[in-house]
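K.L.:
Just need the structure, nothing else, for what follows:
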Amino acid sequence: MASLRRLRVALFLLTLLAVPGTGWAADAFAVRGIDVDVTAAGVAAAKEQALSEAERVGFHRLLERLTMPADHSKLPNADALQYVRDVAIEQERSSAVRYIATLTVRYNSVAVKKLLRDSGLKYAEPRPRSVVIVPLFKPQGGGRPLLWDDPNPWRTAWSAQGSGALVPLVLPTGDITDIALTVDKALALDAEALGALGARFRTADVLVATAGVNAAGTALEVTLAGVAGVLKPYDTKNFPLTDAGLDAVLRAAAADIAQGLDAAYKQGNLLSFDRAATMAAMVQLRGLDDWLAVRERLGRVPLVRRWEIVSLSREEAALLLHTVGEPEQVKATLAAAGLAMEWSDGYWTMRPIERK
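P.N.:
Next up is the predicted model:
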């Protein structure tokens, strides 16, 4: 068992080193920032106990992430180790008998989802479409808000946050294309400029997050806005300033928004396995490229459990979609993946949505 854990850690660290720029911040089945502090007869024993503890703690956090708070008391009591894929060490230190570390544990998504289904619990699949964060910071005492400027402490806080859990988050790099969205356009919620930025990341959701210390100097005030329909957990929220300092409060606010986005998304996207259905759809095609796009996008829709081809030609395809959830849920998830689904004349029609 101990050697298996060590192998998992080693393999994942090698994966991180082998693929520059990748991490698992966007993996909904990875739990980051698990702190452990274990003392045992020796450092090797302490480390093994710490890994076991991290796997248990992370597994519980993962199950809570995927399910609604009302169901948390019903979560299955399963052996976390059976669901672990690998472990990464974010940071660590040790003595002769003590091991202290911050770890990330990634779990087997297929096995975890089966566990929840077998337990009769509804859960949310990761959102296929990202939310782009535009971090506007208002300096204390006035002055022009900061966006692509360096330093921008609000942007730094989002960099530390990572990509989110159920809802993937994107923080633009501020390159020459990004800066077409100016501070004035961001403040004005210019639909064309926000849409152009979102199109770079294949999403319509661009969230302008404006933060600044209030006039009394007692709290960080955060306002969230965007074009109509943007996913957001709230409009305005205050975060009291503490002795930890402004940077710590900014990081806490970014984490709160990320968690709020997950909660807002999860509320309307729980998979209802008691609402399984079959949907017949006619897909209008303009050739092979359209068909390849439909196939690829269907594979990214969690509410479509499987699909079958009834007939296929260069002009159209007849499909049977085996789905879970309400029809409107299925429609919304398909649209997020780039497939428009409409009811017309007694049957469903589907078409790929053109991406700019």
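K.L.:
Leaving out sequence neighbours, find the closest residue to residue 144.
P.N.:
With sequence-adjacent residues excluded and distances taken as CB to CB, 6 or more residues apart in numbering, residue 144 is closest to residue 183, at 6.6 Å. For the C-beta atoms, the positions are set from N, CA and C on the backbone; glycine is no exception.
K.L.:
quick one: the one you found and residue 147 touch, right?
P.N.:
Yes - at 5.0 Å, residue 183 counts as touching residue 147 under the criterion of CB atoms under 8 Å.
K.L.:
Looking at those two, which has the bigger crowd around it?
P.N.:
residue 147 (25 against 16; other CB atoms under 10 Å).
K.L.:
mind listing the helices for the chain?
P.N.:
For the chain, the helices defined by DSSP state H occupy 2-18, 43-66, 109-118, 153-161, 183-187, 191-200, 246-267, 288-298, 327-336.
K.L.:
Which of those sits closest to residue 170?
P.N.:
For the helices of the chain, the distance to residue 170 is smallest for helix 191-200, at 8.9 Å, taking CB to CB.
K.L.:
Overlap of the contact sets of residue 183 and residue 147?
P.N.:
Taking CB atoms under 8 Å, 6 or more residues apart in numbering as the contact criterion, the common neighbours of residue 183 and residue 147 are residue 136.
K.L.:
Enumerate every residue touching the closest residue to residue 155 other than its chain neighbours.
P.N.:
Using CB to CB, 6+ apart and skipping the chain neighbours, the partner closest in space to residue 155 is residue 135 (4.5 Å). Counting by CB under 8 Å, 6+ apart, residue 135 makes contact with 147, 152, 154-155, 157-158, 171, 209, 211.
K.L.:
ok, back up a step: switch the helices of the chain over to TSV; also include distance to residue 231 and mean pLDDT.
P.N.:
Putting the helices of the chain into TSV (distance: least, CB to CB, whole Å; pLDDT from 0 to 100) gives the following:
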stretch	distance to residue 231	mean pLDDT
helix 2-18	29	44
helix 43-66	17	96
helix 109-118	22	90
helix 153-161	16	93
helix 183-187	17	96
helix 191-200	12	93
helix 246-267	6	94
helix 288-298	20	90
helix 327-336	10	83
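K.L.:
Dump the ones you listed to a markdown table, plus distance to residue 176.
P.N.:
Output for those, formatted as a markdown table (distance: least, CB to CB, whole Å):
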| stretch | distance to residue 176 |
| --- | --- |
| helix 2-18 | 29 |
| helix 43-66 | 37 |
| helix 109-118 | 37 |
| helix 153-161 | 17 |
| helix 183-187 | 16 |
| helix 191-200 | 12 |
| helix 246-267 | 25 |
| helix 288-298 | 29 |
| helix 327-336 | 29 |
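K.L.:
To residue 82, which of those lies closest?
P.N.:
Ranking the helices of the chain by proximity to residue 82 (CB to CB) places helix 109-118 first, at 7.3 Å.
K.L.:
Going by contacts, tell me the helices and strands next to the closest one.
P.N.:
Where contact means 3 or more CB pairs under 8 Å, 6 or more residues apart in numbering; DSSP states H and E, helix 109-118 is packed against helix 43-66.
K.L.:
So for the helix it packs on, what gets flagged as buried?
P.N.:
43, 46-48, 50-55, 57-59, 61-63, 65-66 (16 or more other CB atoms under 10 Å).
K.L.:
quick one: that helix to helix 109-118, angle?
P.N.:
Per axes from the mean of the first three to the mean of the last three CA atoms, to 10 degrees, the angle that helix 43-66 makes with helix 109-118 is 60 degrees.
K.L.:
ok so, going back, top of the contacts of residue 135 by number of neighbours, please.
P.N.:
Within the contacts of residue 135, residue 154 tops the neighbour count with 28 neighbours, counted by other CB under 10 Å.
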